[in-house]
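Enquirer: Let me see the structure of the following:
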Amino acid sequence: MTPGRLLAGRYALTEPLGKGGMGEVWAGRDTALGDRRVAVKLLHTDRIAGTAADEELTEDLRRRFLRECRATARIDHPGLVAVHDAGQDGAELYLVMQLIDGSDLADHLAEHDPYPWPWAVAVLVQLCSTLAAVHALGVVHRDLKPGNVMIRPDGRVTVLDLGIAAVTDGTEETRLTRTGTLLGTPLYMAPEQAVGGPPVGPAADLYALGAIGYELLAGRVPFSAPGAAGLLYKKLHEEPVPLDHLRPGLPPGLAGLVHRLLHKDPDHRAPSAAALFTDLAALLAAHAPRTDTSGDAAVPLDPTRPLYHPLAPWPPARPRENDLSASLEEIKRLLGQGRYADVAELLCRVIPVAAARYGEGSPVVRSLRKQYAATLLDTAQYARALPEIRRLADDLTAERGPYDPLVLQLRQDEQLCVANLGG
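Expert: The predicted structure follows:
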């Protein structure tokens with residue numbers, strides 16, 4: 001896949017945003033609507049089911065995919081990325097979505113560690129609101145995780161991906177992959193979802209909420225193990241370290257709410273996302289100081305802001321230094337032209353400048369390093385790409401664990417570099 005492709009005669013792909021085992025996500029422009037910025041998810045039909053696609057399988061996947069797109073597009077909620085279009089172009093299914101600016105929750109946590117507990121609760125409150133809307137229409141997300149959650153500049157929390165959601169219409173359950181395939185991310189997956197069996201319900205999403213809340217407050221996931229089997233064993237037979245031991249000073253009741261969500265029995269978690277919203281919002285109102293979001297005191301990416309000042313105007317962004325801003329625009333232009341070698345050289349100069357300004361662990365620098373590694377790989381500069389890929393993989397493994405999809409992809413890229421270098 002290269003920048004400049006016109007998908008379905010309408011969507012111009014401009015730059016890659018990420019990739020995984022089932023496909024890729026690209027930034028693009030909707031040429032039919034004044035070059036509106038969009039995100040385009042491409043799904044490869046021969047990978048979705050884990051087997052080579054034949055004509056019958058491709059048609060079945062297309063039907064299921066489009067049905068789920070229609071179902072999820074019905075959900076009108078500010079906490080869910082808007083779906084604009086869906087269809088098929090050649091052997092690829094595509095989903096056109098709203099392009100969201102901000103920082104994903106994993107990067108946001110890495111940049112603000114220890115994460116303020118009011119921020120953690122505000123994130124959970126907003127996610128509860130979104131899940132309540134999703135569950136009300138018979139949809140179960142099944143893969144809620146920090147990498148699928150975006151913190152927007154004004155503090156709004158947006159769920160990006162419903163790609164493996166289960167849709168129930170009262171007669172059958174549909175899903176993007178065939179029955180028997182492990183779906184979701186093991187670190188945040190409910191025990192009943194990992195074991196398999198009957199279709200999981202909304203309680204599985206509440207477990208994922210608990211795992212996210214635990215990680216935001218403790219700085220680590222509730223369970224970790226070298227493999228998926230060991231992780232499942234711990235979820236079924238062990239208890240996470242009490243949050244009160246890892247994070248003293250939490251308001252009364254918060255740790256208990258999070259641990260309840262991590263209960264092994266789905267019937268013993270919160271009754272619903274709506275009920276959990278009520279409990280968390282009350283706790284935030286009773287114990288958290290309100291952030292001052294007036295004028296220059298506003299804090300970008302503060303997730304409490306939409307709760308305390310939902311309609312307050314956002315102060316204009318401070319201008320960035322011209323040289324770095326111009327360099328970032330030039331990188332986008334070169335990517336659009338497919339001039340990857342030039343992009344690599346420009347990124348090599350820009351990254352140290354960005355690191356000095358924003359900090360080495362900032363989302364801006366992390367994003368630039370991801371682009372740099374991908375560009376070096378695309379231009380077969382394996383000797384230069386290898387240390388960059390290893391650095392990213394090690395950093396993300398420490399933050400997200402070894403089973404995060406991006407970590408797994410980086411490890412594959414690492415092996416590709418080693419193989420091409422004769423290692």
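Enquirer: For the stretch 51-200 of the chain, give me the ranges with low pLDDT.
Expert: Counting by pLDDT under 70, the stretch 51-200 of the chain contains low-confidence residues at 51-58, 60-61, 64, 68, 163-184, 197.
Enquirer: All the helices of it, residue numbers only.
Expert: For the stretch 51-200 of the chain, the helices defined by DSSP state H, counting those that start in this stretch occupy 55-73, 105-111, 117-136, 191-195.
Enquirer: Restrict stretch 30-38 to CA atoms and write it as PDB.
Expert: Taking Å, rounded to 0.1, in the frame of the first residue of the first chain, the C-alpha atoms of stretch 30-38 are listed here in PDB:
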ATOM      1  CA  ASP A  30     -12.600  12.400   1.100                       C
ATOM      2  CA  THR A  31     -12.300  14.000  -2.300                       C
ATOM      3  CA  ALA A  32     -16.100  14.100  -2.700                       C
ATOM      4  CA  LEU A  33     -16.600  16.300   0.300                       C
ATOM      5  CA  GLY A  34     -14.100  19.000   0.000                       C
ATOM      6  CA  ASP A  35     -11.000  16.900   1.000                       C
ATOM      7  CA  ARG A  36     -12.500  16.200   4.500                       C
ATOM      8  CA  ARG A  37      -9.800  14.500   6.600                       C
ATOM      9  CA  VAL A  38     -10.800  10.900   7.400                       C
END
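Enquirer: Need the contact partners of that stretch.
Expert: Leu6, Arg10, Tyr11, Ala12, Ala27, Gly28, Arg29, His84, Val96, Met97, Gln98, Leu99 (C-beta atoms under 8 Å, 6 or more residues apart in numbering). Where C-beta positions appear, they are placed from N, C-alpha and C, glycine not excepted.
Enquirer: What residues sit buried inside that stretch?
Expert: For stretch 30-38, the neighbour count (16 or more other C-beta atoms under 10 Å) marks Asp30, Val38 as buried.
Enquirer: any idea how the chain splits into domains?
Expert: Structural domains annotated on the chain: 6-98, 103-308, 322-420, as defined by automatic domain parsing.
Enquirer: Check the gap between Gly227 and Thr72 for me.
Expert: Distance of Gly227 to Thr72, computed by C-beta to C-beta, to the nearest Å: 32 Å.
Enquirer: I misspoke; the intended subject was Glu15.
Expert: The spacing between Glu15 and Thr72, counted by C-beta to C-beta, is 25 Å.
Enquirer: what about these two, which has more around it?
Expert: With neighbours defined as other C-beta atoms under 10 Å, Glu15 and Thr72 compare such that Thr72 has more, 21 against 16.
Enquirer: Spatially, what comes nearest to that one if we skip its sequence neighbours?
Expert: With sequence-adjacent residues excluded and distances taken as C-beta to C-beta, 6 or more residues apart in numbering, Thr72 is closest to Leu162, at 4.7 Å.
Enquirer: ok, that neighbour - contacts?
Expert: Listed by C-beta under 8 Å, 6+ apart, the contact set of Leu162 reads Glu68, Thr72, Leu80, Val134, Val139, His141.
Enquirer: Wait, the fifth one touches Thr72, no?
Expert: In other words, Val139. Yes. Counting by C-beta atoms under 8 Å, Val139 does reach Thr72; the two are 6.3 Å apart.
Enquirer: hmm, back to that, will you turn the helices of the stretch 51-200 of the chain into CSV that also has distance to Leu406?
Expert: As requested, the helices of the stretch 51-200 of the chain are exported to CSV (distance: least, C-beta to C-beta, whole Å):
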stretch, distance to Leu406
helix 55-73, 23
helix 105-111, 9
helix 117-136, 20
helix 191-195, 20
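Enquirer: gap between Asp30 and Arg37?
Expert: Separation of Asp30 from Arg37 (C-beta to C-beta): 8 Å.
Enquirer: Next, name the residue at the spatial heart of the chain.
Expert: Geometric centre of the chain, nearest residue: Asn148, 1.9 Å, by C-alpha atoms, centre = their mean.
Enquirer: Skip the chain neighbours and tell me the closest residue to it.
Expert: Ranked by C-beta to C-beta, 6+ apart and with sequence neighbours excluded, the top spatial neighbour of Asn148 is Asp161, at 4.7 Å.
Enquirer: Now for the one you found, how many residues are close by?
Expert: 20.
Enquirer: list the contacts for it?
Expert: Applying C-beta under 8 Å, 6+ apart to Asp161 gives the contacts Lys41, Val81, Asp143, Asn148.
Enquirer: Recalculate using a threshold of 10 Å.
Expert: Counting by C-beta atoms under 10 Å, 6 or more residues apart in numbering, Asp161 touches 20, 25, 41, 80-81, 95, 97, 141, 143-145, 147-149.
Enquirer: Could you provide those residues in CSV, with additional columns for distance to Pro313?
Expert: CSV is the format used below for these (distance: C-beta to C-beta, whole Å):
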residue, distance to Pro313
Gly20, 38
Val25, 31
Lys41, 33
Leu80, 24
Val81, 24
Leu95, 33
Met97, 27
His141, 32
Asp143, 35
Leu144, 31
Lys145, 32
Gly147, 31
Asn148, 29
Val149, 25
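Enquirer: ok, these vs Val365, which is closest?
Expert: Taking C-beta to C-beta as the measure, Val365 sits nearest to Gly147 out of the contacts of Asp161, at 17.5 Å.
Enquirer: Correct me if wrong: that closest one contacts Ala110.
Expert: No. Taking contacts as C-beta atoms under 10 Å, Gly147 lies outside contact range of Ala110: 11.7 Å.
Enquirer: Quickly list what's touching both of those two.
Expert: With C-beta under 10 Å, 6+ apart as the test, Gly147 and Ala110 both reach Asp104, Leu396, Arg400.
Enquirer: before we move on, back to that, from the contacts of stretch 30-38, keep the buried residues only.
Expert: Listed as buried from these are Arg10, Tyr11, Ala12, Ala27, Gly28, Arg29, His84, Val96, Met97, Leu99; burial here means 16+ other C-beta under 10 Å.
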